[in-house]
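K.L.:
here is a sequence together with a model predicted from it:
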Amino acid sequence: MSAPNAHPDANTPADAARPRNFIEQLIDADAASGRWGVWPKSEGPDRAGKPRVHTRFPPEPNGYLHVGHAKSICLNFGLARANAGKFNLRFDDTNPAKEEREYVESIKRDVAWLASAFNAGSFDSGPHAGGLFFASDYFDKMYDHAVDLVNKGKAYVCQLTADEVSARRGKPGVPATSPHRDRPPSESLKLLDEMRRGLHPDGSMTLRARIDLASNNFNLRDPVMYRILHQHHHNTADKWCIYPMYDWAHGIEDSLEGITHSICTLEFEDHRPLYDWFIKSINEGRSPPVWHSQQIEFAKLAPSYTILSKRNLLRLVQEKFVTGWDDPRMPTIAGMRRRGYTAESIRNFCDDIGVTKTDSLIDIGRLEASLREHLNRVTPRAMAVLDPIKVVVENWPEGKTDQLDFVINPEDPAAGTRKVPFTRELWIERDDFMEVPPKKFFRLFPGGEVRLRWAYFLKCERVVKDADGNITELRCTIDPDTRGGDAPPGPDGKPSRKVKGTIHWVSAAHAMPAEVRLFDRLFSAEEPGKRTGNFIDDLNHDSKRTVRAFVEPWLANAAATRGGALVSGTGPDGAPPTGGGFQFERLGYFCTDPDSAPDPRRLVFNRTVTLKDTWAREAAKA
RNA sequence: AGGGGUAUGGUGUAACGGUAGCACGACUGACUCUGACUCAGUUAGUCUAGGUUCGAAUCCUAGUACCCCUACCA
């Protein structure tokens, strides 16, 4: 009964049947035509003989990964997994001026964490591990190929400055010019060697490909292959003072790794002729030829109310609009993880929005919907009161404690139950009481009755106020016949009476104080910066609110275990918890923040996302 | 201006000359010890104008709108 479009190795919810996107269709076609050949026997029984599919994720280590990269990682890793292929993580570290070791480490952590959602290992372990690579490891080979191109008359050293090149760039219909284009190979070779040996200052000359100065595709107007950069490199140290440009380097990197489908974003579409030109030129007169991957472009993710450009994210960090790359409001993988996102929810989201070449603005609500869907399935429930008001149960003896059964996760019976203490004085949510209730308000009001979750029916007898008229406490009574939360059964076997509303509560004597950080979206505009040209103008100034809350004692250990109650486990290398944590009933999903400390005990929770709140919508209507 | 792309309900995404489907949202209702979840239903779409065809989202022609390209960034 399996659907025709199901993933071949379906074993997670995201693997359910869905239409094949254009890249998957292309891979199917390649497999049918035998375009890339098959994996050799040495690859083992699970892969040998199957059509080759080898993908990669090639980040530049100049910032933290964000949810847009997550789409690419899920796409590439997912393709490798679905086709019994391989996936490489490769750092495209060709520009030491902007790249740092710190970013390499964070990226490795984030990719591994996301890959964990596939239950199939990662880039360095498991059945689809292609390996970890650095473009900088290929610098020698790239240089050799460059010399080859010079010898073939396909590249030359140009002594124009950047400004001069720009001035001579030409226009559509007006060709560019370079006075050095017809320099004999021998001369270029000599200069290239001098460049490499550090005999010339930054910016004094470049190696350029000799393609077509008149092309309407400006990428083909003799693009720069190497520039001089006297910069220390995080990987090659001071071995090089010339560094390859993206277009020259990237195809060679893919070639060396035997990548079949080199997937990138749309803006590289008109670089593809260049990508192909370089490999073809290397292969001219060469036998056997080097591997020639296929570049495929897709539309990158653009979520509403979010910015994703690394330059702008860096600005948020540097100018302290957020606390760091991992601020829970950031769209970075690290920030989302700290916020409480699970890798699985991000994967499901990426799967959900599809892969196309159409530019589109994705409703950020889609991401939140994926998150809620997953968290609802896996998080243990707990009770916390964010804005407390005291309830005194007048007919409950002082000093008496009842231990009631609390269902840990109604969506997962296997999670079982635990005990919660009930006493005479309780905290309830201020929002759950109104002196003059509007229509359809079925929470607590004077003379009204609600159910305390898993405890007793509670009736409000009287409101106590201070001199200024502020409510200080509610005097209430419980119905002792409703222990556990239900009235005793009537003749028909059903509860003899019911209440409409159920509210959450915490025993005041047992309550633990906690700091709870309530996050909202970082920007108040759907497309930040669109209005004024400066995204800073659209910052939501109420994106973080901190409250002092009371939580039930069961949550106290959360600080020590850092959300260890969550099923998903933790990331590699001491990564923060995989997010998630708890559902605070009727409020939302929360997770412990790393700022928490077991000793002295300090509880800090982040609100990951609220529950859907149809009452808020109803109340707003009135 | 020249080159490269893309147009399907509010938002995403299917269809590959043959019944415009799915998801999210919104709205109704049911259920409910979370105003959550779940379930049922409703809403709403092929950029425009011509043409080919028995039949067009799909093919042709001409437009329109939006995105990308003139770094020694990736």
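P.N.:
Everything's here; your move.
K.L.:
please make it C-alpha for all contacts and neighbour counts, starting now.
P.N.:
OK.
K.L.:
what about the residue of the stretch 351-500 of chain A found nearest RNA strand B, neighbour count?
P.N.:
Going by C-alpha to the nearest atom of the strand, RNA strand B is nearest to residue A:485 of the stretch 351-500 of chain A, at 2.9 Å. Neighbour count for residue A:485, taken as other C-alpha atoms under 10 Å: 23.
K.L.:
go on, residue A:28?
P.N.:
Neighbour count of residue A:28, defined by other C-alpha under 10 Å: 15.
K.L.:
and the gap between it and residue A:37?
P.N.:
Summarising the geometry, the distance separating residue A:28 from residue A:37, computed by C-alpha to C-alpha, to the nearest Å, is 13 Å.
K.L.:
now swap in residue A:31 and tell me
P.N.:
Separation of residue A:31 from residue A:37 (C-alpha to C-alpha) stands at 8 Å.
K.L.:
what does residue A:314 give?
P.N.:
With the distance defined as C-alpha to C-alpha, residue A:314 ends up 43 Å from residue A:37.
K.L.:
one more: residue A:292?
P.N.:
Going from residue A:292 to residue A:37 by C-alpha to C-alpha gives 13 Å.
K.L.:
who in the stretch 401-550 of chain A is up against RNA strand B?
P.N.:
With the criterion set to C-alpha under 7 Å from any atom of the strand, the stretch 401-550 of chain A comes near RNA strand B through A:409-411, A:440-443, A:451-455, A:483-486, A:501-503.
K.L.:
give the ChimeraX command for selecting the buried subset of these.
P.N.:
In ChimeraX syntax, the buried subset of those is picked out as below (16 or more other C-alpha atoms under 10 Å):
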select /A:409,410,441,442,443,451,452,453,454,455,483,484,485,486,501,502,503
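K.L.:
contacting residues around residue A:391?
P.N.:
Residues in contact with residue A:391, defined by C-alpha atoms under 8 Å, 6 or more residues apart in numbering, are A:425, A:426, A:427, A:428, A:473, A:474, A:475, A:476.
K.L.:
make sure residue A:446 is indeed in a helix.
P.N.:
No: membership of residue A:446 in a helix is not supported by DSSP: H, G, I helix; E, B strand; the rest coil, which gives coil.
K.L.:
that one: how many residues sit nearby?
P.N.:
Residues near residue A:446, counting by other C-alpha under 10 Å, number 18.
K.L.:
can you give me the pLDDT of the nearest residue to it once chain neighbours are set aside?
P.N.:
Here the nearest residue to residue A:446 in space, its sequence neighbours aside, is residue A:460; by C-alpha to C-alpha, 6 or more residues apart in numbering that works out to 5.1 Å. Confidence per residue is given as pLDDT, and for residue A:460 that number is 98.
K.L.:
ok, now residue A:621?
P.N.:
Residue A:621 is assigned 74 on the pLDDT scale.
K.L.:
same question, residue A:559
P.N.:
The per-residue pLDDT reported for residue A:559 equals 57.
K.L.:
which residues of the stretch 301-450 of chain A score low on pLDDT?
P.N.:
The model of the stretch 301-450 of chain A has no residue with pLDDT under 70.
K.L.:
just the helices in it please.
P.N.:
If DSSP state H, counting those that start in this stretch is used as the criterion, the helices of the stretch 301-450 of chain A fall at A:310-318, A:333-339, A:343-353, A:364-378.
K.L.:
is it possible to get JSON lines of the ones you listed that adds mean neighbour count and distance to RNA strand B?
P.N.:
Output for those, formatted as JSON lines (neighbours: other C-alpha atoms under 10 Å; distance: least, C-alpha to the nearest atom of the strand, whole Å):
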{"stretch": "helix A:310-318", "mean neighbour count": "15", "distance to RNA strand B": "9"}
{"stretch": "helix A:333-339", "mean neighbour count": "27", "distance to RNA strand B": "18"}
{"stretch": "helix A:343-353", "mean neighbour count": "22", "distance to RNA strand B": "4"}
{"stretch": "helix A:364-378", "mean neighbour count": "19", "distance to RNA strand B": "5"}
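K.L.:
can you redo those as TSV with distance to residue A:281?
P.N.:
As requested, the helices of the stretch 301-450 of chain A are arranged in TSV below (distance: least, C-alpha to C-alpha, whole Å):
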stretch	distance to residue A:281
helix A:310-318	33
helix A:333-339	39
helix A:343-353	37
helix A:364-378	44
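K.L.:
out of the ones you listed, nearest to residue A:514?
P.N.:
In terms of C-alpha to C-alpha, the element of the helices of the stretch 301-450 of chain A nearest to residue A:514 is helix A:333-339, at 16.6 Å.
K.L.:
that's a strand at residue A:469, yeah?
P.N.:
No: with three-state DSSP as the criterion, residue A:469 is located in coil rather than a strand.
K.L.:
what is the neighbour count of it?
P.N.:
8.
K.L.:
quick check: pLDDT value at it.
P.N.:
93.
K.L.:
enumerate every residue touching it.
P.N.:
With the criterion set at C-alpha under 8 Å, 6+ apart, residue A:469 makes contact with nothing.
K.L.:
and it, how close does it get to residue A:448?
P.N.:
Where residue A:448 is concerned, residue A:469 sits at a distance of 21 Å (C-alpha to C-alpha).
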